[in-house]
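Trainee: mind folding the following:
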Amino acid sequence: MISRMKALACAATMMCVAASAAAQELTMAVWGGGGANTWREAFIKQFVPEGGVTIKMVEVPNPAGGLRSPAAASQYNLALVTYFEAIALSKAGLIESFDDKQLPGIGDVDPKYLTRDKTGRHVGLPVYFTYYGIAYNTELAKAEDFASWQGLADARWKGKLSLTRPVYLAPYDAVIMAKAMGGSEKDIDPGFKLLERIAPNVLATYTSLAHMNTLLTRREVAAVPFYASRVWALRRQGAANVDIVIPSEGALMLPYVVVVPKGAKHQDKALLWLNYIAGAEPQLRAALLDGWLPMNSKVKLPEDLQKTLGRPYDEIVKRLYSPDWSAVVDHNEARVDRAEKLLSGVEK
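Mentor: Presented below is the predicted three-dimensional model:
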């Protein structure tokens, strides 16, 4: 009897230990592919905080979409989303907010890039950014062909371009093209007018980053508005026939933000992770691995990396446009509908 009681006590202890260990594991939703590997190599491997917290990456097609599910708070402790999506999720009441004392690591981020709600609280931690310029196949086009965003409307590119899906075309392409044509995120018509001129040149809309990688490297398209980080990744993987240009009117700055779902468990542990990824060292590792440009202002990029980027970090930042994303979110539904109608005649 005593032996049985001891066995039961031992089993109960083991269950408590297992439950405690599970409580320390934080699940973070990220996009699948190379980006998830960079998170593991640049951030997770060196993360050894007090309390034995571990981070588990879950690769999903759209992390922000997952946070709109009623089960989000029980599935994820954290998620990586775009700046635009962080604002939208905050306005929908789907993510937590934090004050300056909870996120001391955020102090090294330029204040103009912080994601705050109307009360001034942080709705996420901006950890890195890329930019949205014009990627091109160097065997089919030259950088000077796209010195302006209007270069995409040139008739010689008929059937040789690609565009993204309406869900991104509206907040990204239309916004930077509006800026290029004298408008803004609040005056979007000039951007859509330019897109109307570009649409006849579009061979197909791309459905994923992998799809676009194939179209671009295999010479199926000559150019596409695309992410600088993806172009750098292709080049590091040996694709010598792709490059990216920042047109004279600038490129769109795209920060990525780590957020906490509303009501998620272990938020105190999540804050340990957020303040860690805000640091200069992990952000430098991510820059070296995948070309992710750091949000931490104390990061000093090596000269050879800046040569790989094509220009100094400070020069890149000066040529990027950071819109009022709150205004973009407020008008997004109608603009996505407009983008869908615009692309309705383009082959999918």
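
Trainee: per-domain residue ranges of this structure.
Mentor: According to the domain assignment given by automatic domain parsing, the chain is divided into the following structural domains: 2-129+254-309, 130-253+322-343.

Trainee: for the closest residue to Ala153 other than its chain neighbours, give me phi and psi.
Mentor: Using Cβ to Cβ, 6 or more residues apart in numbering and skipping residues adjacent in sequence, the residue nearest Ala153 is Arg197, 3.9 Å away. For the C-beta atoms, the positions are set from N, CA and C on the backbone; glycine is no exception. With angles defined as degrees, to the nearest 10, Arg197 sits at phi -80, psi -30.

Trainee: pLDDT score assigned to Arg197?
Mentor: Taken from the predicted model, the pLDDT recorded for Arg197 is 98.

Trainee: that one and Pro323, how far apart?
Mentor: Noted for Arg197: a distance of 22 Å to Pro323, by Cβ to Cβ, to the nearest Å.

Trainee: please enumerate the helices of the stretch 201-348 of the chain.
Mentor: For the stretch 201-348 of the chain, applying DSSP state H, counting those that start in this stretch gives helices covering 209-217, 228-236, 267-277, 280-290, 303-309, 313-318, 325-330, 332-343.

Trainee: distance check, the residue lying closest to Ala239 once chain neighbours are set aside against Leu342.
Mentor: What sits nearest to Ala239 in space, not counting adjacent residues and going by Cβ to Cβ, 6+ apart, is Thr217, at 4.9 Å. Separation of Thr217 from Leu342 (Cβ to Cβ) stands at 27 Å.

Trainee: can you confirm Ala79 is in a strand?
Mentor: Yes. Secondary structure assignment (DSSP: H, G, I helix; E, B strand; the rest coil) places Ala79 inside a strand.

Trainee: just to revisit the earlier point, higher neighbour count, Arg197 and Pro323?
Mentor: A side-by-side neighbour count of Arg197 and Pro323, using other Cβ atoms under 10 Å, places Pro323 first with 20 against 14.

Trainee: would you mind giving the domains of the chain as a markdown table with distance to Ile316 added?
Mentor: Written out in a markdown table, the entries for the domains of the chain read as follows (distance: least, Cβ to Cβ, whole Å):
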| stretch | distance to Ile316 |
| --- | --- |
| domain 2-129+254-309 | 7 |
| domain 130-253+322-343 | 7 |
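
Trainee: out of the ones you listed, deepest packed?
Mentor: domain 130-253+322-343 (a mean of 19; mean count of other Cβ atoms under 10 Å).

Trainee: what is the end-to-end distance of it?
Mentor: According to Cα to Cα, to the nearest Å, domain 130-253+322-343 extends 26 Å from its N-terminal end residue to its C-terminal end residue.
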